[in-house]
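In: With the input below, show me the fold.
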Amino acid sequence: MTFNPLEQRGIPLDRQVRSWRELNVSPIDPDASDPYTRCRVITMNGIEVEAILFSHQLARNTVDPDVKRQLAEVRYVEAQQQKAVNWLLPGVSSVLETTIAYEQVAVDLTSWIARMEPDPYLQQAYQFGVLEDFDHLYRYANLYEMIEHRKAEAIVDGLTEVMPGRPTRMHHRHPFDNVRDPYDKAATDPLSKLHALTVLSAEQQTMNFYMNTGPTYMEPIARQLYQEIGLIEEEHVTHYESLVDPGETWWEQLVNHEYNECYLYYSFMEQESHPKVKALWELHLNMELEHLRIACDLMRRHDGREPEEVLAPQLPNVLTFEPNKEYLRELLATQIDLTTLGAGYVREAHERFEQMQQRLHDGEKPPSDRVIDQHQEMFDRDYRMETEGPHPVESERA
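Out: Model prediction:
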């Protein structure tokens, strides 16, 4: 069944504000829920945060008071949506458990998008990034067993393997080499715009989460690992945001944001197994349909164009959280040794990369290496969950 959000009517905006009682959502049970339910929650929180931040930036760059008021009204509802979504996360989970779930999101969301991306250059950008998030999952899983004495398999539930990816120490590049070439807004597939915005939003939320939660730990190795990976998430946000055509007008960007929210809420509603969470996805979809309608009206009024010129005529196939084990193993076997040079990718360590590595590491092992060393000392092994056999790269086998 095709679904065109431009032809649907949602809940009128003046009926969208919810009371405290309605916002008081019950958190999911991490032991009884599908791990991908938590992944969907984390994803939509990042999407809503990006929508709010973008709306604030647009409001700061317009002189029209009517536009400011319209944005403020929609943005308040978006803020309520963000609270309802993020408050689904269980308070019984530790920050590190939530961190491991964040990395599961990064691995399986980015893998799926890479598999579905029609543009080869954009696809390569997602393939490159996902091997780094895959390694972050491995590092945090080892930290988790060290300081909480529990195993990450209880969180990822065998859906996502845990083993070395591209080593985290090799992720530190000169900032110049984190900037990619943008897609051409006039020529790219509308699906590519949704993909770029989705991955950007998820990585941005991960960056924000780590920069705020990292210093709350007392253990030195935990504080240091969050600091290191937090810097890499900054690189990832630069990597993904540079894929977006900077020539898109504010109004194009606004309708893309609202359309993407409709796409994701619809996708997650279609696959959600948790009845109460599914109902929330459906409610928010019906809110977002109205937000999209308002954004389209603003585009017509201030850009003088029809939104159909830049949006897909119907929603693409639903974005799906599912295992990507064989796909990731193929990427590990063929791309683990890649780095970036300018807007492209190379296998050799070039001068700018080596200078950055020297300045940052300064002859010492980074926290991402030391956490594995400390785990080895404590347990006489590292932590892995290799459900599909030995690591595809022989040098990375235990």
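
In: average pLDDT across stretch 299-309?
Out: On average, the pLDDT along stretch 299-309 is 96.

In: Wait, Thr339 touches His172, no?
Out: No. Between Thr339 and His172 there is no contact, the gap being 10.0 Å when judged by CB atoms under 8 Å. Placement of C-beta: from N, CA and C, glycine included.

In: Any figure for the gap between Ser55 and Val67?
Out: 11 Å (CB to CB, to the nearest Å).

In: Just the terminal-to-terminal distance for stretch 166-182.
Out: Using CA to CA, to the nearest Å, the gap from the first to the last residue of stretch 166-182 comes to 24 Å.

In: repeat for stretch 19-36
Out: Stretch 19-36 end-to-end distance (CA to CA) = 28 Å.

In: From the chain's centroid, how far away is it?
Out: Counting by CA atoms, centre = their mean, to the nearest Å, stretch 19-36 is centred 20 Å from the centre of its parent chain.

In: in that stretch, what's buried?
Out: Neighbour counts over stretch 19-36 (16 or more other CB atoms under 10 Å) mark Ile28, Pro30, Ser33, Asp34, Pro35, Tyr36 as buried.

In: and those residues, which of them are in strands?
Out: In strands, judged by DSSP state E, none of those are found.

In: If we only consider those, which is nearest to Glu308?
Out: Using CB to CB, Tyr36 comes nearest to Glu308 of the buried residues of stretch 19-36, at 32.8 Å.

In: Name the residues that touch stretch 358-372?
Out: When contacts are defined by CB atoms under 8 Å, 6 or more residues apart in numbering, stretch 358-372 is touched by residues 135, 139, 142-143, 146, 167-169, 172, 221, 224-225, 227-229, 373, 382.

In: As CSV, could you dump the C-alpha coordinates of that stretch?
Out: Taking C-alpha atoms only, stretch 358-372 is exported to CSV below (Å, rounded to 0.1, in the frame of the first residue of the first chain):
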residue,chain,number,x,y,z
GLN,A,358,51.0,12.0,16.3
ARG,A,359,49.6,15.1,17.8
LEU,A,360,46.7,13.4,19.5
HIS,A,361,48.2,10.1,20.6
ASP,A,362,51.7,11.6,21.3
GLY,A,363,53.3,8.2,21.6
GLU,A,364,50.7,6.9,24.1
LYS,A,365,48.0,4.3,23.7
PRO,A,366,44.5,5.9,23.4
PRO,A,367,41.7,5.0,25.9
SER,A,368,40.1,2.7,23.2
ASP,A,369,43.2,0.5,23.3
ARG,A,370,43.8,0.7,27.0
VAL,A,371,40.2,-0.4,27.8
ILE,A,372,40.9,-3.7,25.9
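
In: just how off-centre is it within its chain?
Out: In terms of CA atoms, centre = their mean, the centre of stretch 358-372 is found 26 Å from the chain centre.

In: Just the buried residues of the contacts of stretch 358-372.
Out: 135, 139, 142-143, 146, 167-169, 172, 221, 224-225, 228-229, 382.

In: Pull the most distant pair out of these.
Out: Met146 and His172 (22.9 Å).

In: mind showing which ranges of the protein have poor pLDDT?
Out: By pLDDT under 70, the low-scoring segments of the chain are 1.

In: in it, which spans are helices?
Out: Taking DSSP state H as the test, the helices found in the chain are 20-23, 35-60, 65-86, 95-116, 120-148, 153-156, 190-213, 220-241, 250-271, 275-303, 325-335, 351-361, 367-379.

In: With distance to Ser395 as extra columns, can I get those in JSON lines?
Out: JSON lines is the format used below for the helices of the chain (distance: least, CB to CB, whole Å):
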{"stretch": "helix 20-23", "distance to Ser395": "51"}
{"stretch": "helix 35-60", "distance to Ser395": "30"}
{"stretch": "helix 65-86", "distance to Ser395": "40"}
{"stretch": "helix 95-116", "distance to Ser395": "21"}
{"stretch": "helix 120-148", "distance to Ser395": "14"}
{"stretch": "helix 153-156", "distance to Ser395": "24"}
{"stretch": "helix 190-213", "distance to Ser395": "28"}
{"stretch": "helix 220-241", "distance to Ser395": "22"}
{"stretch": "helix 250-271", "distance to Ser395": "37"}
{"stretch": "helix 275-303", "distance to Ser395": "42"}
{"stretch": "helix 325-335", "distance to Ser395": "11"}
{"stretch": "helix 351-361", "distance to Ser395": "19"}
{"stretch": "helix 367-379", "distance to Ser395": "14"}
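
In: Out of those, which is closest to Glu394?
Out: helix 325-335 (10.0 Å).

In: how about Ala72, what does it touch?
Out: Per CB under 8 Å, 6+ apart, neighbours of Ala72: Ala59.

In: Which residues belonging to stretch 382-391 are considered buried?
Out: Asp382, Tyr383, Arg384, Met385, His391.

In: wait, what's in contact with the spatially most central residue of the chain?
Out: By CA atoms, centre = their mean, the chain has its centre lying nearest to Ala202, at 2.0 Å. By CB under 8 Å, 6+ apart, the contact list for Ala202 reads Ile42, Thr43, Gly46, Ile47, Val105, Ala106, Leu109, Thr110.

In: and it, how far is that from Trp20?
Out: Distance from Ala202 to Trp20, by CB to CB: 29 Å.

In: repeat for Tyr138
Out: Note on Tyr138: its distance to Trp20, by CB to CB, is 41 Å.

In: same thing with Phe353?
Out: Phe353 is 52 Å from Trp20, where distance means CB to CB.
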